[in-house]
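Novice: Need coordinates for the following:
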Amino acid sequence: MYKRIKTRISTKQVIVLTGLLAGMASLVAGCGGSGSGSESAGPAVTLGATKMGGALPVKATRWASVKYGGGGYVPGLIFHPTSPDVLYARTDMGGAYRWDAATSTWLPITDGFGASEGFFHGGESIALDPNDDKRIYLSTGMYNRVDNPGRLYISTDRGDNWQHVDLPFPVGSNNQGRAVGERMMVDPNNPAILFYASRTAGLWKSGDRGQTWQQVQSLSTAKMDQSQIDANNMRSAIGVEQVVFDTSTKGTGSATQTIYTAVAPDYAGVAGLAFSMYKSTDGGASWAGVSTPVTGYHIPHMVRARDGMMYVAFTKDSGPGAGGPARLYKFDGASWTLLKKYDTEEWVNFGIGGLSVSGTGATTRIALGVTNSWGNWEGQPVVQLSDDAGATWREISAMAPHPDKDGWSGWVDDVEIDPNNPERVLHVHGGGILETRNASAAKPTWNHLIEGIEETATLALMAPPPGAAYSLLRSTGDIGMHVQTELFKQPTRGPGLFGNGISADMAWSAPSYIAAVGTTKWNSPNVGGAYSTDSGVTWTGFAGNHPDALANQGNEGNIAVTKPGNIVWAPANSVPAYSTDNGATWTYTNLPALNAVGMARSYRVVADRKNPNKVYAYNSGGVWWAQGSETPRFFVSTDGGHTFTERSAFPGSGTAVGEFSVTSIAVNPNTEGDIWVADGQSIMHSDDAGVSWTKLSAAAPIWGKNPTWSWPEVYGATSISLGKAPAGAKYSASVYVAGVIGGVWGVYRSDDGGATWSRFNDDKHQYGGISTLAADQNVPGRLFISGSGRGVLFSY
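Specialist: Reported below is the predicted structural model:
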């Protein structure tokens, strides 16, 4: 459990940081909309000649997902209480989705979030209006920092379009306890009223459909400062955990008077609150503590049945995959009845996560998610079901028919019974959603419910040359590296040796030879890289490692393959080394060591595709605000990456210091020595192997209005790639860049060597920021991109 949590947190923090550096801005307003991301078409945007000197028109671009299927944690599922099949899923860092029953597919509803909104691409809570099934509220913000408050996105058309307001408190969609709740609820009797259980600043109320918010000071006026937040596990405050309206009516026009809320131990300590639960009988004007049978626990879920009975889960840890001890009680407003308990034992420490109820009285159906329960074995509790209001229980998941042997237990932090079909039970896990539609069976059948969800954190992409037996190499956080042979089918080829896939490359002259590097796994602790000689069907781990690789497993590393068996490896914070024997032995290059700047960095290395003896190495300099940052430098090798010579013109070319995560290098596969660099702010081009450089005037960052910031709100050029040019183009390759041209962020394309540019995506297809590009070498106009926690997509 520890290793899994550690890996996921680390990877997502890297992805969020990358998104921030590539263009997150908490103060940039506006969101163009959403769109499904799979079949929507939008017109190409052509910049005018007054800014660009003319632009080349591009055919309207359509986008579809390159399938992996799920791949990430879905902390919350939210059904509309009365409208059938109105269902939403919120992810912690990859946007939100709406279920489309007609196609049995999840539709992304936050793909219109732009580069400045990458920090807001995770959902902490979703609230639905019981009286209007088209109105949805989505609270966003990745981490609970007091200097970066959350946002509330509001839609009146089920997420097709959004407007947003800033919240007066932080939000933590990717913090610990992110399945707790739902934190935000709409009053069913007066839907203009919303309550929000915040992590750091107590309980909040809106009386105008979320437009403005006021702290409910009758509960507490306390607001955590950053030091109090950081004192918690993984710097994650849990705070006030949820809100439940105690009513069986809706649409009366009068505010619901009886309300319950739950308070986590961290906020209770800061605020001086003595109870884990509080109750108001006057619409929140005053609150009284409710004595609970256990204290010092979290309350991850609290559910009201239609007959007014409250079902309350208590768990010691906050989650995901919270450990125990744990208890489930029912509460009739006066007395508590114990229904289920888990105590810590020698080999297990089960918690309780998801909780859902259906029906009333003695035949109430309860579905209970058991957390920190790993594997798949007889007698294991994963999803417990009771059909008699908790008097008896049976297991409906462990050892029941599943599409996979295991991998779906542990993080069962949310369980939902369909309010219109009690046979349908859904639960979340670390890689997506599972569903059964025959919950009453002795062994219900479970199936993935992830079609349309693509929540992978892409770290690198590489498209092969024409003639390859595959379409794409994708390196991904948490799930390793995969070889994509069919764009609409989940990949089955890959080393299977890595936690995070960091980088992969192929021999351009023989693309069946692939090499990849990644972070080590518990079952392969000494394997940092692997190679394949058959297009990824079989793999062999490197017999040796770069001397510094295992000690520097940051995601900033990368590799270049010059020819089969010959690899240049640049791990994070390390001098690159080369191998001529499939990774059995490694020898340092003569490249100078990188200055330490307080954050991980690496050389970017790439092989010339026309002359594999040439290898280029780019040192982006570090981070300009950190002591130790240096002038950016560029080097070339003519002996396959063994020794390098610096190109003296590069430092004076006008290039900027840039972090590894906002820089990129690409070569024209059709011309020797034709190199392109995106340095975070501008586009640099050399057509003589780096001897001379031209700084293009096209791209420029958007600088912030906040005078305390020393970085752009949106970076000017962060990723660059070259692909097959259309017939008749003036330049031998199409150049694609993610950045800001003409003051507008997007993906841009040039077919004339950078003289003119046209926007390639539109405002409906921004994916919370686009961090990685890989242009196809077979199909003109096909570009692979990675969204912010939105997997990989391609144009067609």
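
Novice: Could you give the separation between the terminal residues of stretch 252-270?
Specialist: 37 Å (Cα to Cα, to the nearest Å).

Novice: could you give the mean pLDDT of that stretch?
Specialist: The pLDDT scores in stretch 252-270 average 97.

Novice: Buried ones in that stretch, by neighbour count?
Specialist: For stretch 252-270, burial by neighbour count (16 or more other Cβ atoms under 10 Å) applies to 255-256, 259-268, 270. C-beta: built from backbone N, CA, C; applies to glycine.

Novice: And stretch 641-657, by the same measure?
Specialist: For stretch 641-657, a neighbour-count test (16+ other Cβ under 10 Å) marks G641, H642, F644, E646, R647, F650, P651, S653, T655, A656, V657 as buried.

Novice: can you give me the end-to-end distance of that stretch?
Specialist: Note: stretch 641-657 ends 24 Å apart using Cα to Cα.

Novice: Please state the offset of that stretch from the chain centre?
Specialist: 34 Å (Cα atoms, centre = their mean, to the nearest Å).

Novice: average model confidence for that stretch?
Specialist: Summarised as a single mean, pLDDT over stretch 641-657 is 97.

Novice: do the same with stretch 417-424
Specialist: Average pLDDT, stretch 417-424: 98.

Novice: Residues contacting that stretch, please?
Specialist: With contacts defined as Cβ atoms under 8 Å, 6 or more residues apart in numbering, stretch 417-424 is touched by 79-82, 84-85, 356-359, 365, 367, 425-426, 435-440.

Novice: at 10 Å instead, please
Specialist: Residues from elsewhere that reach stretch 417-424 (Cβ atoms under 10 Å, 6 or more residues apart in numbering): 79-87, 303, 306, 355-359, 365-367, 385, 387, 416, 425-426, 435-441, 444, 449.

Novice: what's the closest of the buried residues of stretch 641-657 to G95?
Specialist: Nearest to G95 out of those is A656 (Cβ to Cβ; 30.5 Å).

Novice: which non-adjacent residue is nearest that closest one?
Specialist: Spatial nearest neighbour of A656, excluding adjacent residues (Cβ to Cβ, 6 or more residues apart in numbering): Q681 at 4.4 Å.

Novice: quick one, what contacts the one you found?
Specialist: When contacts are counted by Cβ under 10 Å, 6+ apart, Q681 touches 654-658, 662-663, 695, 699-701, 712, 715-718, 739-740.

Novice: so how far is P401 from it?
Specialist: In this structure, Q681 and P401 are 54 Å apart, going by Cβ to Cβ, to the nearest Å.

Novice: Tell me the one of the buried residues of stretch 252-270 nearest G621?
Specialist: Nearest member of those to G621, counting by Cβ to Cβ, is D266, at 40.1 Å.

Novice: contact partners of the host helix or strand of that closest one?
Specialist: Counting by DSSP states H and E, the element that carries D266 is helix 265-271. For helix 265-271, contacts defined as Cβ under 10 Å, 6+ apart pick out 177, 197-203, 219-225, 228-229, 231-233, 236-241, 263, 273-276, 295-298, 316, 318.

Novice: of those, buried ones?
Specialist: Among the contacts of helix 265-271, the ones that count as buried by 16+ other Cβ under 10 Å are 177, 197-203, 219-220, 222-224, 228-229, 232, 236-241, 263, 273, 275-276, 297-298, 316, 318.

Novice: Which ones among these map onto strands?
Specialist: Applying DSSP state E to the buried ones among the contacts of helix 265-271, the entries found in strands are A197, L203, V240, E241, V263.

Novice: Out of the residues you listed, which two sit at the greatest distance?
Specialist: Using Cβ to Cβ, the pair of these lying farthest apart is L203 and E241, separated by 10.3 Å.

Novice: between these two, what contacts are shared?
Specialist: R183, A197, T261, V263, Y267.

Novice: closest to S532 among the residues you listed?
Specialist: Proximity of the shared contacts of L203 and E241 to S532 (Cβ to Cβ) peaks at R183, which lies at 45.9 Å.

Novice: Tell me which two of the buried residues of stretch 641-657 sit farthest apart.
Specialist: That would be H642 and A656, which, of the buried residues of stretch 641-657, are the farthest apart (Cβ to Cβ) at 29.6 Å.

Novice: can you list the residues that contact the following helix or strand past the helix holding D266?
Specialist: Counting by DSSP H and E, the element after helix 265-271 in chain order, helix or strand, is strand 277-280. Residues outside strand 277-280 that contact it (Cβ under 10 Å, 6+ apart) are 195, 203, 216, 218-220, 240-241, 244, 246, 256-263, 284, 286-292, 299, 302, 310, 312, 331, 333.

Novice: quick revisit: kindly present the buried residues of stretch 252-270 as JSON lines, with separate columns for distance to W411.
Specialist: Below are those laid out as JSON lines (distance: Cβ to Cβ, whole Å):
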{"residue": "A255", "distance to W411": "36"}
{"residue": "T256", "distance to W411": "32"}
{"residue": "I259", "distance to W411": "29"}
{"residue": "Y260", "distance to W411": "26"}
{"residue": "T261", "distance to W411": "25"}
{"residue": "A262", "distance to W411": "21"}
{"residue": "V263", "distance to W411": "24"}
{"residue": "A264", "distance to W411": "19"}
{"residue": "P265", "distance to W411": "21"}
{"residue": "D266", "distance to W411": "21"}
{"residue": "Y267", "distance to W411": "24"}
{"residue": "A268", "distance to W411": "25"}
{"residue": "V270", "distance to W411": "28"}
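
Novice: Disregarding residues adjacent in the polypeptide, which is nearest to R782?
Specialist: Leaving aside its chain neighbours, R782 sits nearest to D776 (3.7 Å; criterion: Cβ to Cβ, 6+ apart).

Novice: Tell me the spacing between that neighbour and L722.
Specialist: Per Cβ to Cβ, D776 is found 10 Å from L722.

Novice: And for D225?
Specialist: As judged by Cβ to Cβ, D225 and L722 stand 49 Å apart.

Novice: The residue lying closest to S788 once chain neighbours are set aside: what's it in contact with?
Specialist: Distances taken as Cβ to Cβ, 6+ apart put G768 closest to S788, at 3.2 Å, once the chain neighbours are dropped. For G768, the contacting residues are 19, 23-24, 93-95, 110-122, 140, 787-790, by Cβ under 10 Å, 6+ apart.

Novice: just checking, which of those residues belong to strands?
Specialist: Counting by DSSP E, the part of the contacts of G768 found in strands is T140, G787.

Novice: My guess is R183 contacts G239. True?
Specialist: Yes: under the criterion of Cβ atoms under 10 Å, R183 makes contact with G239 at 8.6 Å.

Novice: So for those two, which residues contact both of them?
Specialist: G177, A197, S198, R199, L203.

Novice: which residues sit in contact with the second one?
Specialist: If I follow you right, that is A197. For A197, the contacting residues are 125, 180-185, 203-204, 216, 219, 238-243, 261-264, 267, by Cβ under 10 Å, 6+ apart.

Novice: does T110 really touch I126, like I thought?
Specialist: No: with contact defined as Cβ under 10 Å, T110 does not reach I126; the gap is 11.2 Å.

Novice: can you list residues touching both of the two?
Specialist: In terms of Cβ under 10 Å, 6+ apart, T110 and I126 are both contacted by the residues R90, A96, L138, Y153, G159.

Novice: where does the fourth one land in three-state SS?
Specialist: Reducing the assignment at Y153 to three states with DSSP: H, G, I helix; E, B strand; the rest coil gives strand.
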